[in-house]
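Asks: Everything below, folded, please.
(6 chains)
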Protein chains: 6
Amino acid sequence: MSNDKTAQAGHHGLTHFDQAGQAHMVDVGAKNETHRIAVATGVIRMEPETLEIIRSGSAKKGDVLGIARIAAIMASKKTSDLIPLCHPLALTRVTADFEIEEDLPGVRCTVQAETYGKTGVEMEALTAVQVGLLTIYDMCKAVDKGMVCDGVRLLEKHGGKSGPWCAELTSRCD
Amino acid sequence: MSNDKTAQAGHHGLTHFDQAGQAHMVDVGAKNETHRIAVATGVIRMEPETLEIIRSGSAKKGDVLGIARIAAIMASKKTSDLIPLCHPLALTRVTADFEIEEDLPGVRCTVQAETYGKTGVEMEALTAVQVGLLTIYDMCKAVDKGMVCDGVRLLEKHGGKSGPWCAELTSRCD
Amino acid sequence: MSNDKTAQAGHHGLTHFDQAGQAHMVDVGAKNETHRIAVATGVIRMEPETLEIIRSGSAKKGDVLGIARIAAIMASKKTSDLIPLCHPLALTRVTADFEIEEDLPGVRCTVQAETYGKTGVEMEALTAVQVGLLTIYDMCKAVDKGMVCDGVRLLEKHGGKSGPWCAELTSRCD
Amino acid sequence: MSNDKTAQAGHHGLTHFDQAGQAHMVDVGAKNETHRIAVATGVIRMEPETLEIIRSGSAKKGDVLGIARIAAIMASKKTSDLIPLCHPLALTRVTADFEIEEDLPGVRCTVQAETYGKTGVEMEALTAVQVGLLTIYDMCKAVDKGMVCDGVRLLEKHGGKSGPWCAELTSRCD
Amino acid sequence: MSNDKTAQAGHHGLTHFDQAGQAHMVDVGAKNETHRIAVATGVIRMEPETLEIIRSGSAKKGDVLGIARIAAIMASKKTSDLIPLCHPLALTRVTADFEIEEDLPGVRCTVQAETYGKTGVEMEALTAVQVGLLTIYDMCKAVDKGMVCDGVRLLEKHGGKSGPWCAELTSRCD
Amino acid sequence: MSNDKTAQAGHHGLTHFDQAGQAHMVDVGAKNETHRIAVATGVIRMEPETLEIIRSGSAKKGDVLGIARIAAIMASKKTSDLIPLCHPLALTRVTADFEIEEDLPGVRCTVQAETYGKTGVEMEALTAVQVGLLTIYDMCKAVDKGMVCDGVRLLEKHGGKSGPWCAELTSRCD
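Replies: So this is what the prediction gives:
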């Protein structure tokens, strides 16, 4: 079996390519099963009137954020279906929080995904954020087509050989 | 049959809710089948070194953008699976273009989706952009975990009763 | 092309089998595209305390029925994935209503599905009801494992060559 | 990481909500991997003539129950796709039995699902029963639209911290 | 809108690439909706003892070919999920026939798929054949791991601008 | 729990059937989690002109084989969705290699799949090969409808109780 081809990272450190530059689903078989956590975040900016409609709905009816939360959680489970070289994995926890940010104006979505396994869950957290924001877009586009998704990024990552990583804007890895 | 409940837009103009504030997949049965087009765009910002790796790979091996293009097109077909109240529809055309933008530095993804049907394809175009950008993230995250997706938005929309719509930053609807 | 084998209904009037008794996805190509509607219903019975928790949650937080509604609508879109010989079709409208029934005690889920096409949407409505009820089970099973889904059935059906059909317990076809 | 929010069961003992009443995929990371078994059951009632057609088909051609069995087993694998807050898991065994019950008249579907993991498989067994029954409906609806699914419930559950649970109508937990 | 880029077939007549050599889901919007039919076939070769087991099972129990038929039909509905640049479409008919061929020895699977639409259904027929054969492999691999799938090909194709096409080994287009 | 029914292989050694001849997803719960590897291969034969187009595209644009590679890898993750009685499992590595074979003329696809688990990955490797070849068909069918997939088979298999297995045409198990 030709394992040696992927023994080293391929093309310029991109592990998803072998030495010949061909894409593969990288071998994680020898990695340890550790508790892995990823937190991702992002916002959707909108007209102040749109945000007002979302806020009023959260209270009692027309619950945009409640539906976006379900969409985000369900999307995390489809990550390996969407991202070509992602490994399938069994998530053990997913939370999706939505906060209204007046100054954008808009909504922030922050997702924490966890597993006990051989690969990280960054893509699961990021996919959930993207789909959560898109669901807000879908539900509000009848009144505001110009909404923009911004700042979708990984916030922090724990577990695995490389240890914790945090975006410079947080201090949670200190 | 209780059609009247959805005869008018529901909660504050959000068509995805009925008068009682309950979510539904809105009735598009009476809409005309027209040629519908949507264009969406967005970028992923990264370290200049990461962009250099992507550019070098596009030439011959380690083709990050080629894989992201396939992921974007395939994701457009999964939109109604991901976005809870989206209608399923039969796309007739999808293109995904990736351009390197030196000044970000990063990559811009622009998707055009089309159908002949009763509903628009904005969500299909936006979903494709998001998954295209996420795929770039996935393939480059071994060397750059701090990449950020920004400015994911609808650029233009044609077809349907409401006529063309363009983001203010374009002049294609003039 | 061997069309004649399916020209008549197969095994004892079951259209999903040909004359030789072999399953097939039946030919609907020659059917008219008409407005098709199906309404299905069913209940989940539970302990009175469980129902009380659901009712209190609907008001403000822990929105079991809101989540079940989304699950039901999304499931309607997966029907042809689940039911082996079902034709894929493009739903034009889906609504899912949940009503608390004190005397069960429990919750009734009623789904109306619609399309303009060559085949009916009974299976889409029934699948949505089943998954809506199962989602209630999932969310409440920590406090009540003995819940039972009962009376899941088609209520009415409109469109297509065979004309309207209603369960005897309704008078909506009169 | 904000684990403490879910340290206790949320809204009135419903574990799928946190203390603020927001839905999440509950943290099962700390649970033991044990052998988990769930058995669910349910029936579909029909006209005696419909049951007669099914029985005659089972022998040689028009095998309704054989197809329903495959649909049930395949549906068990889609459970986490259908039920919003269900954890994905790797089933290690699924059996689906169909029995003709003359006195209904109708068919009973009983599914046993198993895994070695951190969460139970009740939803997998119930989903399989529901889709198995729906598949019978689909295949026989050309001759009998009034069929009703009844009594879909969990029969027993083994494994996990809470120990075995059985519906009162069985004595298998004694 | 940049339609002109795809106005002509791209790279050396391969329509799935534009003039710049980039993959896209080709524009079928202007095509006519016609009745489209495709027939594909293929075989799986095996030990004579394996074929004997399959034949004996078809009679009464252990129905390998009945299960493969269901798998083939269900796979045809997943084609656009599997083949990156395939258009999603609504199949109106799918049949899958399995014949025992003593002289191989083995089993032939032949699938006929149909739609009324803007694109052909060759890929749907071929995908169904492949998955039908693979399902036979799966069910018999405990006794025969050396089975080989051979001769999977399009037999004929009707509908669309280019008119009928038949493999040279058939005379059905004469 | 009625485990005994599956304690022995069912119908003539076919493990996917119980003693009564009914299909089930066989119990793998008691199997060891070992490192499991499967290698499958197959070819697509075509006109020499078609092969020439593919070869020229691989260099710089119109990258048929690059897209087929992604399709093959993604398909391996859908195996348990496609093959009715396949267990879902978490792949730890997938590689897909495509080689041009002048003498066919055509292309060979060889896939190696790996996992650490209770069941083998033969079906994952075979599914990936089939979909990889079908994707080549899809992308080239505008110029060559007569392409044929041949010789799709398992090459070797490692891990699990039964030990290594190799097709007689390889000597990798010696």
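Asks: use CA for all of it now, contacts and neighbours both
Replies: OK.
Asks: Next, the buried residues of the one helix or strand residue A:138 maps to.
Replies: Assessed by DSSP states H and E, residue A:138 sits inside helix A:122-140. Neighbour-count burial for helix A:122-140, with 16 or more other CA atoms under 10 Å in any protein chain shown as criterion, is recorded at A:122-140.
Asks: what about residue A:163, which SS state?
Replies: coil (DSSP: H, G, I helix; E, B strand; the rest coil).
Asks: Report how many residues lie close to it.
Replies: 10 (other CA atoms under 10 Å in any protein chain shown).
Asks: pLDDT value on it, please?
Replies: Looking at residue A:163, its pLDDT stands at 83.
Asks: next one: residue A:170
Replies: Residue A:170 is given a pLDDT of 63.
Asks: Likewise for the one 3 residues further on?
Replies: The score at residue A:173 is 66. That number is its pLDDT.
Asks: Check residue A:123 too.
Replies: 98.
Asks: list the contacts for it?
Replies: Contacts here follow CA atoms under 8 Å, 6 or more residues apart in numbering or on different chains; on that basis residue A:123 touches A:79, A:86, B:134, B:138.
Asks: Return the closest of those residues with respect to residue D:156.
Replies: residue A:79 (32.5 Å; CA to CA).
Asks: Now do the SS call for the nearest residue to residue A:136 once chain neighbours are set aside.
Replies: Take residue A:136 and drop its neighbours on the chain: the residue closest to it by CA to CA, 6 or more residues apart in numbering or on different chains is residue A:68, 6.1 Å away. Reduced to three states with three-state DSSP, the structure at residue A:68 is helix.
Asks: is it true that residue A:68 touches residue A:140?
Replies: No - Residue A:68 lies out of contact with residue A:140 (CA atoms under 8 Å); the separation is 11.3 Å.
Asks: who's in contact with the residue most central in space within chain A?
Replies: The centre of chain A sits closest to residue A:126, judged by CA atoms, centre = their mean, with a distance of 1.3 Å. Applying CA under 8 Å, 6+ apart to residue A:126 gives the contacts A:40, A:41, A:111, A:152, A:153, A:154, B:134.
Asks: how deep is the residue of chain A at minimum distance from chain F tucked in, by neighbour count?
Replies: Among the residues of chain A, residue A:27 lies closest to chain F, at 4.4 Å counting by CA to the nearest CA. Residues lying near residue A:27 (other CA under 10 Å) number 22.
Asks: Chain neighbours aside, what residue packs nearest to it?
Replies: residue F:93 (4.4 Å).
Asks: For that neighbour, name its beta-bridge partners.
Replies: For residue F:93, the beta-bridge partners under DSSP bridges are residue F:114.
Asks: Pretty sure it sits against residue A:31.
Replies: No - contact between residue F:93 and residue A:31 fails when scored by CA under 8 Å: they sit 11.6 Å apart.
Asks: Tell me which of these two has more neighbours.
Replies: residue F:93 (20 against 13).
Asks: how near is the more buried one to residue A:74?
Replies: 25 Å (CA to CA, to the nearest Å).
Asks: same thing with residue A:95?
Replies: Noted for residue A:95: a distance of 11 Å to residue A:74, by CA to CA.
Asks: who's more crowded, those two?
Replies: Taking other CA under 10 Å, residue A:95 and residue A:74 do not tie; residue A:74 has more neighbours (30 against 24).
Asks: Leaving out sequence neighbours, find the closest residue to that one.
Replies: In space, residue A:74 is closest to residue D:84, 5.8 Å off (CA to CA, 6+ apart).
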